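> Fold the following.
(one chain, ligands or ions: 1)
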Amino acid sequence: MSRIYLNDQDMPKSWYNIAADLPFALDPYINPATMKPCAPSDMEAIFPPALIEQEMSSEREIAIPEPVRELLATWRPSPLIRAHALEKALGTPAKIYYKYEGTSPAGSHKVNTAIPQVYYNKLAGIKKLTTETGAGQWGSSVSYAAKQFGLGCTVYMVKTSFTQKPFRRSFMRLFGANVIASPSDTTAAGREELRKNPDTPGTLGCAISEAVEVAMQNKDTNYALGSVLNHVLLHQTVIGLEAKKQMELIGEYPDIVIACAGGGSNFGGLAFPFLRDKINGREVRAIAVEPSNCPTLTKGTYAFDYGDTAKLTPIMKMYTLGKDFTPPAVHAGGLRYHGMAPLVSAVVNHGLAEAESVHQQEIFQYGVTFAHTEGIVPAPESCHAIAAACKKALECKESGEAKTILFNLSGHGFFDFAAYDSFVDGKVYDPEYAEAAAAASIAQLPKVEL
Ligand SMILES: *Cc1c(COP(=O)(O)O)cnc(C)c1O
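Down below sits the predicted model:
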């Protein structure tokens, strides 16, 4: 049997909050205006009360509201699949399982948090949401969720994706969103970036600034973030909670859990329910995989930094390459972020999880092998997890160990054929990590005294 499905009633009823179980204290967020720890009220201009409460919560289980569960049930529980054909192609004794999040309406895990975020904003009387999008996945997810609850939606889309991925833009427009290429001249943050850097391909850091600025200036408008923050990772734990149940059903437990990491939400979502077991003494490895040209966890600094270029978001303790670092315009747009979720940064820093990086050519090689064997064209972001899982499986071939590997297939790649065309045409290259640029950016980190 290769597919393990759960019944609708087995969909999780609560999210899992790892903050309740961490054997260390988390650093507070810092208000960029006062340089003092953030009070919940500091975030009220852009987030609804329920999400601020979740952001700061230390409750272990947080109930998923019924209207949210109903919408999640449009495609959840998502399948867990044993990659028999991939195992055979690799000739590995390892067992490879993947959780497939590409069956969601927008084709990735991001809808798991877009739905509750829009729901809590609607409850708070908010009429419009602004947001940023890198590869277009998050913008598509918010556009879809906003349509379900009747809210308006404006998406600042990183310029390089705006031009590379016209069909992502079409998806958002179909669901009623207003899509603007970032940096744009519609905000002060965008105009400033264009003045300093007229030919920039755009960055997530700048698109976030533009979206936050608009939300701060309009009372009926809030901002939604697709990754990084605690409440986003919380919502994504449906992935790991379901996967654990599915593996239990077939008497399995992973030795290694793997996910790609841009802002850290699908990694946290899959890994945190397993790290709960690890904190309680069970042996399991969790590995976050990032692009070698944007190596936040493997080469960045663990320090306080801004989440965006215009310094509007709270300052967070995280692994960072500095907010002014412009990652090269690679195909995995969803992984082009200078920072990493504070929760993921903390578990890596404390040795509960590990990080690895892979090159762009390598991710496409393994991604194509996966498509040929498993019949699913993966998103370039997800190919990072596939590459790491395959490499672990090949190590098992060397050592003869039959390990059980679980990875998250965070999304499908049906909007990424321009990237696959360039791979097939031999035009995918491996941009160097711009170490000097990152060092210059890291030198600008804010000084925070607690
Ligand atoms: C956005 C995205 C990612 C990266 O975001 P995380 O917050 O690190 O999960 C990974 N895969 C896909 C398909 C995405 O859309």
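> Now do the contacts for whichever residue of the stretch 351-450 of the chain sits closest to the ligand.
In the stretch 351-450 of the chain, the residue that lies nearest the ligand is Gly411 (2.8 Å; CB to the nearest ligand atom). Any C-beta I mention is one placed from the backbone N, CA and C, and that applies to glycine too. Taking CB atoms under 8 Å, 6 or more residues apart in numbering, we find Gly411 in contact with 101-102, 107-110, 137, 378-379, 381-382.
> What residues does the chain have near the ligand?
Taking CB under 6 Å from any ligand atom as the contact definition, the chain meets the ligand at 108, 110, 135, 137-138, 227, 260-267, 334-335, 379, 381-382, 410-411.
> Which ones among those map onto strands?
Cys260 (DSSP state E).
> which ones are touching whichever residue of the stretch 51-200 of the chain sits closest to the ligand?
Nearest residue of the stretch 51-200 of the chain to the ligand: Gln137, at 3.1 Å (CB to the nearest ligand atom). For Gln137, the contact set (CB under 8 Å, 6+ apart) comprises 106-108, 110, 168, 226, 334, 379, 381, 411.
> What of Pro291?
327, 330, 332, 335-336, 357-360, 363, 384.
> same check, this time on Tyr120
Tyr120 touches 48, 50-51, counting by CB under 8 Å, 6+ apart.
> Counting neighbours, which of the residues you listed comes out on top?
Leu51 (26 neighbours; other CB atoms under 10 Å).
> Where does that one fall, secondary structure wise?
helix 49-56 (DSSP states H and E).
> cool, Met318 as well?
For Met318, the enclosing helix or strand under DSSP H and E is strand 315-320.
> just how off-centre is that strand within its chain?
Strand 315-320 has its C-alpha centroid displaced from the chain centroid by 16 Å (CA atoms, centre = their mean, to the nearest Å).
> next one: stretch 255-266
Mean-position distance between stretch 255-266 and its chain equals 8 Å (CA atoms, centre = their mean).
> Let me see the mean pLDDT of it.
Averaged over stretch 255-266, pLDDT sits at 98.
> Could you give the separation of stretch 368-382 from the chain centroid?
19 Å.
> typo on my end, stretch 58-68
That offset, for stretch 58-68, works out to 20 Å (CA atoms, centre = their mean).
> Give the buried residues for it.
Going by neighbour count (16 or more other CB atoms under 10 Å), the buried part of stretch 58-68 is 62, 64, 68.
> Tell me which residues are up against it.
Contacts of stretch 58-68 (CB under 8 Å, 6+ apart): 12-17, 19-21, 54, 72, 115-116, 119, 234, 238.
> Can you turn the buried part of the residues you listed into a PyMOL selection?
To isolate the buried members of these in PyMOL, using 16+ other CB under 10 Å:
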select buried, resi 12+15+16+17+19+21+54+72+115+116+119+234+238
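> Let me know the closest of the contacts of stretch 58-68 to Leu312.
The nearest member of these to Leu312, counting by CB to CB, is Gln54 at 20.8 Å.
> how close does Gly251 sit to Lys95?
12 Å (CB to CB, to the nearest Å).
> of these two, who's got more company?
Neighbour tally, Gly251 and Lys95, criterion other CB under 10 Å: the higher count belongs to Lys95, 19 against 6.
> re the thing from before, pLDDT added to the contacts of Gly411, as a markdown table?
Formatted as a markdown table, the contacts of Gly411 follow (pLDDT from 0 to 100):
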| residue | pLDDT |
| --- | --- |
| Glu101 | 98 |
| Gly102 | 98 |
| Gly107 | 98 |
| Ser108 | 98 |
| His109 | 98 |
| Lys110 | 98 |
| Gln137 | 95 |
| Pro378 | 98 |
| Ala379 | 97 |
| Glu381 | 96 |
| Ser382 | 98 |
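> Which one (most neighbours) among those residues?
For these, the largest neighbour count, defined by other CB under 10 Å, is 34 neighbours, found at Ser382.
> Distance of that one relative to Leu233?
For Ser382, the distance to Leu233 - CB to CB - is 18 Å.
> And Pro32, by the same measure?
22 Å.
> Who has more neighbours out of the two?
Taking other CB under 10 Å, Pro32 and Leu233 do not tie; Leu233 has more neighbours (29 against 18).
> sorry, back to before: so which of the buried residues of stretch 58-68 belong to helices?
Cross-referencing the buried residues of stretch 58-68 against helices under DSSP state H gives Val68.
> Tell me the one among the buried residues of stretch 58-68 nearest to Tyr319.
For those, the closest approach to Tyr319 (CB to CB) belongs to Ile62, at 25.7 Å.
> Spatially, what comes nearest to that closest one if we skip its sequence neighbours?
Trp15 (4.9 Å; CB to CB, 6 or more residues apart in numbering).
> With Lys165 instead?
In space, Lys165 is closest to Gly136, 5.1 Å off (CB to CB, 6+ apart).
> State the number of residues packed around the one you found.
Neighbour count of Gly136, defined by other CB under 10 Å: 31.
> go on, the one 5 residues further on?
Residues lying near Ser141 (other CB under 10 Å) number 32.
> Now do the contacts for it.
Ser141 neighbours (CB under 8 Å, 6+ apart): 104-106, 108, 110-111, 113-114, 226.
> Identify the farthest-apart pair in those residues.
Taking CB to CB, the two most distant members of the contacts of Ser141 are Pro105 and Gly226; they sit 14.9 Å apart.
> For the spatially most central residue of the chain, which non-adjacent residue is spatially closest?
When CA atoms, centre = their mean is applied to the chain, the residue found nearest the centroid is Ser265 (3.8 Å). Nearest residue to Ser265 in three dimensions, chain neighbours excluded: Ser227, at 4.2 Å (CB to CB, 6+ apart).
> buried residues in the lowest-mean-pLDDT helix or strand in the chain?
Of all helical and strand segments in the chain, the minimum by mean pLDDT, DSSP states H and E falls on helix 159-164, at a mean of 90. Across helix 159-164, burial judged by 16+ other CB under 10 Å covers 159-162, 164.
> likewise stretch 355-369?
355-360, 362-369.
> Tell me the gap between it and the middle of its chain.
18 Å.
> rewinding a little: so for the helix holding Leu51, mean pLDDT?
Helix 49-56 carries an average pLDDT of 97.
> what do you get for stretch 359-374?
97.
> Convert that stretch to PDB, retaining C-alpha atoms only.
C-alpha atoms of stretch 359-374 as PDB (Å, rounded to 0.1, in the frame of the first residue of the first chain):
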ATOM      1  CA  HIS A 359      22.600  23.700  -4.800                       C
ATOM      2  CA  GLN A 360      20.000  24.700  -7.300                       C
ATOM      3  CA  GLN A 361      21.200  22.300 -10.100                       C
ATOM      4  CA  GLU A 362      21.000  19.400  -7.600                       C
ATOM      5  CA  ILE A 363      17.500  20.200  -6.500                       C
ATOM      6  CA  PHE A 364      16.200  20.100 -10.000                       C
ATOM      7  CA  GLN A 365      18.100  16.800 -10.700                       C
ATOM      8  CA  TYR A 366      16.300  15.100  -7.800                       C
ATOM      9  CA  GLY A 367      13.100  17.000  -8.500                       C
ATOM     10  CA  VAL A 368      13.000  15.500 -12.000                       C
ATOM     11  CA  THR A 369      13.800  12.000 -10.700                       C
ATOM     12  CA  PHE A 370      10.900  12.400  -8.300                       C
ATOM     13  CA  ALA A 371       8.500  13.600 -11.100                       C
ATOM     14  CA  HIS A 372       9.600  10.600 -13.200                       C
ATOM     15  CA  THR A 373       9.100   8.000 -10.500                       C
ATOM     16  CA  GLU A 374       6.300   9.400  -8.300                       C
END
